[in-house]
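Trainee: I need the structure of the sequence given here:
(chains A and B)
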Amino acid sequence: EAGVAQSPRYKIIEKRQSVAFWCNPISGHATLYWYQQILGQGPKLLIQFQNNGVVDDSQLPKDRFSAERLKGVDSTLKIQPAKLEDSAVYLCASSLTPGRSNTEAFFGQGTRLTVV
Amino acid sequence: AQRVTQPEKLLSVFKGAPVELKCNYSYSGSPELFWYVQYSRQRLQLLLRHISRESIKGFTADLNKGETSFHLKKPFAQEEDSAMYYCALLSNTGKLIFGQGTTLQVKP
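Mentor: The predicted structure is shown next:
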């Protein structure tokens, strides 16, 4: 089966500019996650969707970050304006629901963002 | 608070030596715990989950609720085991939380 697709793979922007990342989850996966992974750290959950509804966005810096998942399939994550500390790899993952016994999150290759 | 702690950033062993990657968690409830692995230039992927009680690539992990731990073990490390390992906790709302990760380096 096709995996989680993310684009772009790499992005370099200047601080205060805007950037958007796109994710296409595995077909049929209701849960979609966005993670931020700063170099040397573990993935930090930014937002979790269940279909097109937000389940958890408690760690999303809402003054500059936004995310949507229209129609419960593809998702976009936007940063506006970007700061130097936003430099990181942004990972998208998806998983099946309901039921926890079959839970496995499948990850995309990530988008590496460099803010200069 | 829901938290996963991996105290070691780097674990370096020789080929054939036993390996134990430590993971402790904090969760008020019955968590589901996982180990994910990231090999060089590959995606993060599931290695094993506690509910399956399985052995994958020779690795096992036992959930110890008394010690709130889920350590990953392998009796004889192989060079191809060199990778980044992440312990993760799944809450009852489907929130998947990762630890900081441990780099396993297996020397020949």
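Trainee: give me the distance between A:S95 and B:L89.
Mentor: Using Cβ to Cβ, to the nearest Å, A:S95 is found at 14 Å from B:L89. For glycine as for every other residue, the C-beta is placed from the backbone atoms N, C-alpha and C.
Trainee: hmm, I was thinking of A:S18
Mentor: 33 Å.
Trainee: which residues in the chain form strands?
Mentor: Going with chain A. In chain A, the strands defined using DSSP state E lie at A:5-7, A:10-13, A:19-24, A:31-37, A:44-50, A:53-56, A:65-68, A:75-79, A:88-95, A:106-107, A:111-115.
Trainee: try again with chain B
Mentor: B:3-5, B:10-14, B:19-21, B:24-26, B:32-38, B:45-49, B:60-61, B:72-74, B:83-90, B:96-98, B:102-107.
Trainee: show me what the helix or strand bottoming out on mean pLDDT in chain A is packed up against.
Mentor: Lowest on mean pLDDT, DSSP states H and E among the helices and strands of chain A sits strand A:53-56, with a mean of 92. Packed against strand A:53-56 by the contact rule (3 or more Cβ pairs under 8 Å, 6 or more residues apart in numbering or on different chains; DSSP states H and E) you find strand A:44-50.
Trainee: one more time with 6 Å, if that's ok
Mentor: The contact analysis (3 or more Cβ pairs under 6 Å, 6 or more residues apart in numbering or on different chains; DSSP states H and E) places strand A:53-56 against no helix or strand.
Trainee: which of A:S18 and B:L89 has more neighbours?
Mentor: Comparing A:S18 with B:L89 by other Cβ atoms under 10 Å in any protein chain shown, the one with more neighbours is B:L89, at 21 against 11.
Trainee: give me the beta-bridge partners of that one?
Mentor: Beta-bridge pairing for B:L89 (DSSP bridges): B:L33, B:I97.
Trainee: that older thread, partners of the least confident helix or strand of chain A, with directions?
Mentor: Note on strand A:53-56: by DSSP bridges, its sheet partners are strand A:44-50 (antiparallel).
Trainee: run through the residues of chain A sitting next to chain B.
Mentor: A:31, A:41-43, A:56, A:100, A:103-105, A:107, A:109 (Cβ under 6 Å from any Cβ of the partner chain).
Trainee: pLDDT-wise, what's the bottom of these?
Mentor: Ranked by pLDDT, those bottom out at A:R100 (60).
Trainee: number of residues surrounding the nearest residue to A:S66 once chain neighbours are set aside?
Mentor: Spatially, and ignoring its direct neighbours in sequence, A:S66 is nearest to A:K78 (5.0 Å; Cβ to Cβ, 6 or more residues apart in numbering or on different chains). Under the neighbour criterion other Cβ under 10 Å, A:K78 is assigned a count of 14.
Trainee: brilliant, that's me finished.
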